[in-house]
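> Got a sequence here, can you model it:
(one chain, ligands or ions: 1)
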Amino acid sequence: MQFNFIANAQVPSLSGRTLPVIDPSDGQPYDEIQRSSPADLHDAVGAAQQCLYATWRSTSAVERGRLLYRLSQLVTEHADELAAIEQRDCGKPTRQARADAQALARYFEFYAGAADKLHGETLPYQQGYSVLTWHEPHGVTGHVIPWNYPMQIFGRSVGAALAAGNTCVVKPSEDACLSLLRVAELAAQAGFPAGAINIVTGLGHEVGDALARHPGIDHISFTGSPTVGTLIQQAAAERHCPVTLELGGKSPQILFEDADLDRAIPAVVNAIVQNAGQTCSAGSRLLIAQPIYEDVLARLGKVFESLRVGPAALDLDLGPLIRASQQQRVWDFLSDAQVAGIPMVAQGQIADDAPESGFYQVPTLLRDVPPDHRLAQEEVFGPVLAAMPFRDDEQAVELANATRFGLVAGVWTRDGGRQLRMARAIHSGQVFINNYGAGGGVELPFGGVKSSGYGREKGFEALYGFTTLKTVAIRHD
Ligand code: NAD
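Model (predicted):
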């Protein structure tokens, strides 16, 4: 049985209600989490406020950085344990689960180093005045976290919030809580004061909604679906609470005829197969220059056919999807493709020993996907790649920008001028040239435009989002 983590203690929900924890590899329950209510959330906010005013506000930036560094070391020491927890909870192949634990440690390390480097400015002003700016923490920050990368998303948002001097109340996804509850224990062991990090588990429309509405929450960081992003904004708007939103995408990979295909093809595959396609920045649309269209599809088809899906512990190319409803969602997209006559180029295979009750989906490559079809417009959040040809640079830009999203784009060309023209013309938060994702990029600001959200996570930029600027004007003539 897992408990909420409030003020450095394990706490049952006030109602005593629980939710099952399901292993996506076999669909069977194996643990329970608390199904918390708004009253539990209220207690967590109280603990975070108490910590803020009693301890955290007077903890120096140097000391906040040291605590984060100690936590980073503890996460590294417990990386295998954390990876094993995440693997079973989320169905992640071993390599992915380990990479997530390492990224978590790296986020804490990065923000440990950044904590005492967040400084304001002195501004030139009228004679007789000195004007300063200070980056001050918001206070108590709320973090609503999805199930696809719990550790990484916790690291980037809670790490930055703590470094900037905030305390945190975290609502993980009901489908993926266990690693974060363990990380919170490690934070207590590292020396974080009671109430600096609080975790309340439960359903989104119950405890997540309560977090968005709670008057004691001074900033909300949300990663998840655009639909819930809208609900969070509406609730936060009632009390003018600032929000950072990361809402996913339909990110294009663009292959020009001069692309280095030996380098591009593995990156294109990885960008849709990683985490079984359940990645906000998945490269889920593939735009291919007409002259190389057939060649690229033939090469990609061979790779897709070789990909294997199976239980997380087997560490194959893909694990299961997170839950039955996500599997059904992917099936619905694929049956729509069939109805629309969209040709399938290739599919991978499910391992023979994968339990039938697991939530498996083979990676699927589709071609000639019409740009206005939902497969080219909506986030599938599964291993489905939608390929389409383009005529020239102009049409590549037009297609790249033709969705409501704008999170990430990949551009593959050796032409330097075209690299920069594309980077300027594509409407998204990140553009990768001759690579995709830059290996995770803890240091690189990340976030979207349009329906992909606003505000930036990761890198130094995230620290500004977790602070508010105060201007101090002193008259001394
Ligand atoms: P979701 O948006 O429903 O859930 C994300 C988080 O929000 C979870 O912690 C959930 O409990 C919480 N939540 C749900 N309803 C809420 C509410 N009314 N108020 C406050 N919090 C609430 O996402 P999902 O159902 O887990 O997945 C659905 C789709 O969202 C996916 O298919 C995918 O397209 C997208 N998604 C995107 C990302 C991303 O990284 N951008 C992550 C997960 C899911």
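
> Name the residues of stretch 18-29 that come out as buried.
18, 19, 21, 22, 23, 24, 25, 26, 27 (16 or more other CB atoms under 10 Å). (Glycine included, C-beta is placed from N, CA and C.)

> and the two most separated of those?
For the buried residues of stretch 18-29, the maximum inter-member distance is 21.6 Å, found between 18 and 25 (CB to CB).

> For the ligand, state which of the buried residues of stretch 18-29 is nearest.
residue 19 (10.9 Å; CB to the nearest ligand atom).

> Nearest residue to that closest one in space, please, no chain neighbours.
Leaving out its chain neighbours, the residue that sits closest to residue 19 by CB to CB, 6 or more residues apart in numbering is residue 35, at 4.7 Å.

> just checking, residue 191 touches residue 69?
No - at 10.8 Å, residue 191 does not count as touching residue 69 under the criterion of CB atoms under 8 Å.

> Neighbour count for those two, which is higher?
residue 69 (17 against 12; other CB atoms under 10 Å).

> Quick one: residues contacting that one.
Applying CB atoms under 8 Å, 6 or more residues apart in numbering, we find residue 69 in contact with 108, 109, 112, 113.

> That one sits in which helix or strand?
helix 61-77 (DSSP states H and E).

> Skip ahead from that helix and say which helix or strand is next.
helix 79-90.

> what distance separates that following helix from the centre of its chain?
The chain centroid and the centroid of helix 79-90 are separated by 17 Å under CA atoms, centre = their mean, to the nearest Å.

> which among the contacts of residue 69 end up buried?
Buried, going by 16+ other CB under 10 Å: 108, 109, 112, out of these.

> can you put these in CSV and add distance to residue 77?
Formatted as CSV, the buried ones among the contacts of residue 69 follow (distance: CB to CB, whole Å):
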residue, distance to residue 77
108, 12
109, 13
112, 15
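
> Looking at the residues you listed, which is nearest residue 358?
residue 108 (32.5 Å).

> who's in contact with residue 272?
282, 283, 284, 363, 383, 384, 385.

> and the residue of the stretch 1-150 of the chain found nearest the ligand, what pLDDT?
Nearest residue of the stretch 1-150 of the chain to the ligand: residue 146, at 3.3 Å (CB to the nearest ligand atom). Note for residue 146: predicted pLDDT of 98.

> got it, and residue 439?
Reported pLDDT for residue 439: 77.

> neighbours of it, just the number please.
That count, for residue 439 with other CB under 10 Å as the rule, works out to 10.

> looking at this, it is in a helix?
Yes - counting by DSSP: H, G, I helix; E, B strand; the rest coil, residue 439 is part of a helix.

> can you redo the buried ones among the contacts of residue 69 as TSV with distance to residue 203, pLDDT and secondary structure?
Putting these into TSV (distance: CB to CB, whole Å; pLDDT from 0 to 100; DSSP: H, G, I helix; E, B strand; the rest coil) gives the following:
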residue	distance to residue 203	pLDDT	secondary structure
108	28	98	helix
109	33	98	helix
112	33	98	helix
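
> Am I right that residue 156 falls within a strand?
No - counting by three-state DSSP, residue 156 is not found in a strand; it is helix.

> That one and residue 107 touch, don't they?
Yes - at 5.3 Å, residue 156 and residue 107 qualify as touching, with contact defined as CB under 8 Å.

> quick one: whichever residue of the stretch 251-400 of the chain sits closest to the ligand from residue 453, how far?
Distances between the stretch 251-400 of the chain and the ligand by CB to the nearest ligand atom are smallest at residue 280, namely 3.0 Å. When distance is defined by CB to CB, to the nearest Å, residue 280 is 9 Å away from residue 453.

> Name the SS class of residue 389, please.
strand.

> Tell me the residues of the stretch 301-450 of the chain that contact the ligand?
329, 379, 381 (CB under 6 Å from any ligand atom).

> circling back: any common contacting residues for residue 280 and residue 453?
Joint contacts of residue 280 and residue 453 (CB under 8 Å, 6+ apart) are 246, 247.

> residues touching the residue nearest to residue 19, list them.
Taking CB under 8 Å, 6+ apart as the test, what residue 35 contacts is 13, 15, 17, 18, 19, 201, 202, 203, 206.

> Between the residues you listed, which sits nearest residue 50?
Using CB to CB, the contacts of residue 35 come closest to residue 50 at residue 13, 19.9 Å.

> For burial, what's the neighbour tally of the residue nearest to residue 458 when sequence neighbours are not counted?
In this structure, residue 458 finds its nearest non-sequential neighbour in residue 446, 4.3 Å apart by CB to CB, 6+ apart. Neighbour count for residue 446, taken as other CB under 10 Å: 22.

> Now do the SS call for residue 29.
Strictly by three-state DSSP, residue 29 counts as strand.

> hang on, it packs against residue 20?
Yes - with contact defined as CB under 8 Å, residue 29 counts as touching residue 20 (3.9 Å).

> quick one on the thing from earlier: overlap of the contact sets of residue 156 and residue 107?
Common neighbours of residue 156 and residue 107 (CB under 8 Å, 6+ apart) are residue 442.

> More neighbours: those two, which one.
Neighbours of residue 156 and residue 107, each counted by other CB under 10 Å, are more numerous for residue 107; the result is 30 against 27.

> I'd assumed residue 165 was in contact with residue 57.
Yes - contact criterion CB under 8 Å: residue 57 and residue 165 qualify, at 7.1 Å.

> Next one: the residue nearest the centre of the chain from residue 170, what distance?
Most central in the chain under CA atoms, centre = their mean is residue 153, positioned 4.9 Å from the mean C-alpha point. According to CB to CB, residue 153 stands 10 Å off from residue 170.

> Which positions within the helix or strand containing residue 346 qualify as buried?
Assigning secondary structure by DSSP H and E places residue 346 in strand 344-347. Of all the residues in strand 344-347, those buried under the rule 16+ other CB under 10 Å are 345, 346, 347.

> Stretch 114-131 now?
Buried, per 16+ other CB under 10 Å, within stretch 114-131: 114, 115, 118.

> Out of those residues, name the ones that lie in helices.
Taking DSSP state H as the definition of helices, these contribute residue 114.

> May I see the buried residues of stretch 114-131 arranged in a markdown table, with distance to residue 133 and pLDDT as well?
Listed next are these as a markdown table, based on distance: CB to CB, whole Å; pLDDT from 0 to 100:
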| residue | distance to residue 133 | pLDDT |
| --- | --- | --- |
| 114 | 18 | 98 |
| 115 | 18 | 98 |
| 118 | 11 | 97 |
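
> I appreciate the help and will end here.
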